[in-house]
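J.: Okay, predicted coordinates and the sequence, questions at the end:
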Amino acid sequence: MGQVKNQADLQNKLAARANTPSEKPKTVEEWIQSMAPAMKEALPKHLDIDRFTRIAVTQLRTNPTLRECTVPSLLAAIMQCAQLGLEPGLLGHAYLVPFNNRKAGVKEVQFVIGYKGLIDLARRSGNIESIAAHEVCENDEFIFEYGLDEKLVHRPALTNRGKPYLYYAYAKFKGGGHQVEVMPVEDIEKIRLRSKARDNGPWQTDYDEMAKKTVIRRLAKYLPISIEVARAIAQDESVKQEIAPDMTEVLDLSDDDIKFGTEVPDDVTSTEETVDTTEPDAAGNEQPLFTEEEINKINA
């Protein structure tokens, strides 16, 4: 997985754009384009930067509310997609979901991994032969037993299946072995209600896909995956305001981090700082990288 070389390189690229009158970013699209060199270094080799940039810009057209969100949170979510090699929107690999941060009084972008994206991440471990998730409807035949000899039988009704009442996921491991996870809709609803995107985004437009992703994410706890893949999966439904060579190391500002005891600085709710705005000169004195007007545009 490619990564930005270092934070200084990224800041220099953004500063160069901001200080060149003919190329100074004025719109969200231009900010995305200005980040293209950094995203190119982050993208896996099989993904093309021109295609990825077009897809990111397309999200602004298909979901205009993204334009109302803070630029730092939008750029951070896009960089998360780039570093994980997940295309936002089109294929259901990942979603850029706007939500109201009532505490800060702004709209922010939440990075949400899709069902197909989660499967792709799990397969990258190289230890999984197959992985899938399915819904079980009222008129399906479904038999499942936990124990030393687990039993799983699912025969979907060919017509009139009825409403889904549970979801399950399974993975077969290379070299033998398997893992199964079953979740009733009631448990999935409890998880949905904890999400910032519970009332919009994929939970409303692609409920089945999100329900399958939820059960796969729980299954992932028992899969033979690498630490890198586990950290990537942990970024799901995060909200970030900074861009870094490794986005897994950037503080997640979502409520979950605060709820589960992450030590948060007193100024964590500030959305004004995106990248360092000063750097020392030869004498060691801090000099501004951007003008005040340019900093306001970055944080707008």
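T.: Received, thanks. Numbers count the residues shown, from 1 in each chain.

J.: Would you map the helices across the stretch 101-250 of the chain?
T.: Taking DSSP state H, counting those that start in this stretch to define them, one finds helices in the stretch 101-250 of the chain at 115-123, 185-193, 202-205, 207-220, 227-233.

J.: Nearest to Thr27 among those would be which one?
T.: Closest to Thr27 of these is helix 202-205 (C-beta to C-beta; 26.0 Å). To be clear about C-beta, it is placed using only N, CA and C from the backbone, and glycine gets the same treatment.

J.: is it true that Gly92 touches Lys212?
T.: No. With contact defined as C-beta atoms under 8 Å, Gly92 does not reach Lys212; the gap is 10.3 Å.

J.: ok so, going back, export the helices of the stretch 101-250 of the chain as TSV, with columns for mean neighbour count and mean pLDDT.
T.: Below are these laid out as TSV (neighbours: other C-beta atoms under 10 Å; pLDDT from 0 to 100):
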stretch	mean neighbour count	mean pLDDT
helix 115-123	22	90
helix 185-193	15	94
helix 202-205	16	87
helix 207-220	22	93
helix 227-233	17	86
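
J.: Kindly reformat those as JSON lines containing distance to Asp246.
T.: Formatted as JSON lines, the helices of the stretch 101-250 of the chain follow (distance: least, C-beta to C-beta, whole Å):
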{"stretch": "helix 115-123", "distance to Asp246": "16"}
{"stretch": "helix 185-193", "distance to Asp246": "27"}
{"stretch": "helix 202-205", "distance to Asp246": "26"}
{"stretch": "helix 207-220", "distance to Asp246": "20"}
{"stretch": "helix 227-233", "distance to Asp246": "9"}
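
J.: Pro156 is nearest to which of these?
T.: Here helix 207-220 is closest among these (C-beta to C-beta), at 13.4 Å.

J.: ok, and what's touching that closest one?
T.: The contact list for helix 207-220 (C-beta atoms under 8 Å, 6 or more residues apart in numbering) reads 92, 113-116, 118-119, 122, 131, 133-135, 164, 167-171, 179-183, 185, 188, 191-192, 202-203, 230, 233, 236.

J.: cool, stretch 136-151 as well?
T.: Under C-beta under 8 Å, 6+ apart, the answer for stretch 136-151 is 152-157, 160-168, 178, 180, 182.

J.: Can you point out the buried residues in it?
T.: When burial is assessed from 16 or more other C-beta atoms under 10 Å, stretch 136-151 yields the following buried residues: Val136, Cys137, Asp140, Phe142.

J.: In the beta-sheet assignment, what are the partners of the last one?
T.: For Phe142, the beta-bridge partners are His154 (DSSP bridges).

J.: Among the contacts of stretch 136-151, the buried ones, what's the ChimeraX command?
T.: Remark: buried members of those, expressed as a ChimeraX selection using 16+ other C-beta under 10 Å:
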select :164,166,167,168,180,182
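
J.: now, which of the contacts of stretch 136-151 lie within strands?
T.: By the criterion of DSSP state E, membership of these in strands covers Leu152, Val153, His154, Arg155, Pro164, Tyr165, Leu166, Tyr167, Tyr168, His178, Val180, Val182.

J.: nearest to Val106, of the residues you listed?
T.: Tyr167 (34.2 Å).

J.: how close does the closest one get to Gly126?
T.: For Tyr167, the distance to Gly126 equals 26 Å [C-beta to C-beta, to the nearest Å].

J.: can you check Tyr168 too?
T.: 24 Å.
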